[in-house]
Each structure stands twice: as C-alpha cells, then as structure tokens.
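1. sequence plus predicted model, see below.
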Amino acid sequence: MDGDLSNYRKIYAKGALLLKETPENPMELFKKWFHEVDTHFEQDETNAMTISTIGLDGFPKNRVVLLKRFTYEGFIFFTNYESEKGQAIAKNPHVCLSFFWHGAERQIIIKGVAEKLAANLSDGYFESRPRGSQLGAIASNQSAVVKDRAELEADLKKLEQAYEGKEIPRPDFWGGYMVKPVSIEFWQGRPNRLHDRIHYQLDTAFNWVKNRLSP
C-alpha cells in the first residue's frame, strides 16, 4: 500500500484576514464568520466542532460534537456527563474547540474552560429535542462497552413503550456545558502557505489582546 501523500496540494485563495480589520472582541468575528460560512459556503454542518480533552489515561482525545449556541460568554454543547468526554472534563475542564470550514478555507481554534450549564437550561434544550433523540440519550450508556447493536435497539424499544404518551424527563447524567474562552485563533488560508492567523488572548484584566501570528 502506497501511503505517500506528499503530492497532495491545495491553493488557498478565497479570503484574507487583516489585523486592522478585526473587531476588539473575538466573539464578534466568530459570529461574522459563522454567518458567512453558513450562508455562502457549502458545509454539511457549520456547527460541527472538534472538542479535545485530556483523558483519565493522560492522553488527549478529539471528537466531533455540535455547537448548539454561542454568546459573548462562551460556546454551548450538550452530552452525557458520564461519558468518557464528561469524565475527562470533570477531572480537567481545560478543553480546546476547533472549527474547520473547508469551503471558506477558514479554521478557528478556541482554548477555554468547560462549565456545566444550570439544570434549567439543560432542561429547556432537552425538551426541544425530538422524542427519538430524548430516548436515545437515556438508552445510551455513552462510551461503555455494549454487546451488540441489538441490545441498544431493544433498550430503546423498552423506553418507547414505557414513555408512550408521556413526557420524557431529562436524565441527571445528560446536559450542557459552556466553554468560556481564554484564547481564540482565527486562520484564513492564503496563497503560498502565507496564511493569515489572528490570535486573541484574554489578559489578567479580562481584556482581549490580539496579535498577528506568523504562519
């Protein structure tokens, strides 16, 4: 098998990012970029992001989750608190989020601290989910070893019968996190690998300091 990928090449020429044209608050730029990508570029799920955690085994691990809301305070997603991801966050809440929007040739890397949402906020989002997704969250003991798919489907069937015609409550082990950023880097692909990188860092007075980084 030939695994040589050295001849893979791509020319980046769809945009530019100049320091003088960036806002003082990176969340404003995130909102602008997200809206532009979602509106003008082909992207399966604009809100798909990679979250990196440090596992209980000491190794970093990446996986894709869906961003469900963002505010000036941070980035919100939902998951099983008892999953491998949830356990990693409980031990070390320092995480990294990243978005790669290939159509726009843009990447955003966010370092931050993950905090659980208030229960009422998790309740509100859970209630908005389709019933199938609600039941799936209860049926799945996320990250645990399972015998086979038939076991999962049987558990889901039992839950469908148990909650038929009833409201489905949010389980205590499932809910949201907000990642409060301490640094955000915006990357715009440019020709000749001279990419634009604008980095925002939160200082000790909670002000954003921005700089251009060498590609």
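-> Cool, the structure landed.

2. all strands in the protein, in order from the N-terminus.
-> 48-54, 60-66, 69-70, 75-80, 94-101, 106-116, 174-188, 196-202, 208-213 (DSSP state E).

3. save those strands as a markdown table, and put in mean neighbour count and distance to Y8 too.
-> Where C-beta positions appear, they are placed from N, C-alpha and C, glycine not excepted. Formatted as a markdown table, the strands of the chain follow (neighbours: other C-beta atoms under 10 Å; distance: least, C-beta to C-beta, whole Å):
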| stretch | mean neighbour count | distance to Y8 |
| --- | --- | --- |
| strand 48-54 | 18 | 21 |
| strand 60-66 | 12 | 21 |
| strand 69-70 | 16 | 33 |
| strand 75-80 | 21 | 31 |
| strand 94-101 | 18 | 16 |
| strand 106-116 | 19 | 17 |
| strand 174-188 | 20 | 19 |
| strand 196-202 | 19 | 22 |
| strand 208-213 | 14 | 24 |
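
4. who wins for proximity to L152 among those?
-> strand 75-80 (13.9 Å; C-beta to C-beta).

5. hang on, the earlier thing: format the strands of the chain as a markdown table; extra columns: mean pLDDT and distance to D148.
-> Listed next are those as a markdown table, based on pLDDT from 0 to 100; distance: least, C-beta to C-beta, whole Å:
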| stretch | mean pLDDT | distance to D148 |
| --- | --- | --- |
| strand 48-54 | 98 | 28 |
| strand 60-66 | 98 | 22 |
| strand 69-70 | 98 | 35 |
| strand 75-80 | 98 | 20 |
| strand 94-101 | 98 | 32 |
| strand 106-116 | 98 | 32 |
| strand 174-188 | 98 | 23 |
| strand 196-202 | 98 | 46 |
| strand 208-213 | 98 | 48 |
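
6. and these: which comes nearest S140?
-> Comparing the strands of the chain by C-beta to C-beta, strand 75-80 comes nearest, at 7.1 Å.

7. now the angle between strand 60-66 and the closest one, please.
-> Per axes from the mean of the first three to the mean of the last three C-alpha atoms, to 10 degrees, the angle that strand 75-80 makes with strand 60-66 is 100 degrees.

8. chain center to strand 75-80, what's the gap?
-> Counting by C-alpha atoms, centre = their mean, to the nearest Å, strand 75-80 is centred 8 Å from the centre of its parent chain.

9. what's the answer for stretch 183-200, then?
-> 19 Å.

10. export that stretch as PDB, just CAs?
-> Taking C-alpha atoms only, stretch 183-200 is exported to PDB below (Å, rounded to 0.1, in the frame of the first residue of the first chain):
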ATOM      1  CA  SER A 183      -7.900  32.400  23.700                       C
ATOM      2  CA  ILE A 184      -9.300  32.300  20.200                       C
ATOM      3  CA  GLU A 185      -7.300  32.000  16.900                       C
ATOM      4  CA  PHE A 186      -8.700  32.700  13.500                       C
ATOM      5  CA  TRP A 187      -7.000  31.200  10.500                       C
ATOM      6  CA  GLN A 188      -7.600  32.200   6.900                       C
ATOM      7  CA  GLY A 189      -5.900  30.200   4.100                       C
ATOM      8  CA  ARG A 190      -3.700  32.300   1.800                       C
ATOM      9  CA  PRO A 191      -1.600  31.600  -1.300                       C
ATOM     10  CA  ASN A 192       2.000  30.200  -0.900                       C
ATOM     11  CA  ARG A 193       1.200  29.000   2.600                       C
ATOM     12  CA  LEU A 194       1.400  32.500   4.000                       C
ATOM     13  CA  HIS A 195      -1.800  32.100   5.900                       C
ATOM     14  CA  ASP A 196      -3.400  34.800   8.000                       C
ATOM     15  CA  ARG A 197      -3.500  34.000  11.700                       C
ATOM     16  CA  ILE A 198      -5.100  36.400  14.200                       C
ATOM     17  CA  HIS A 199      -4.800  35.400  17.800                       C
ATOM     18  CA  TYR A 200      -6.900  36.800  20.700                       C
END
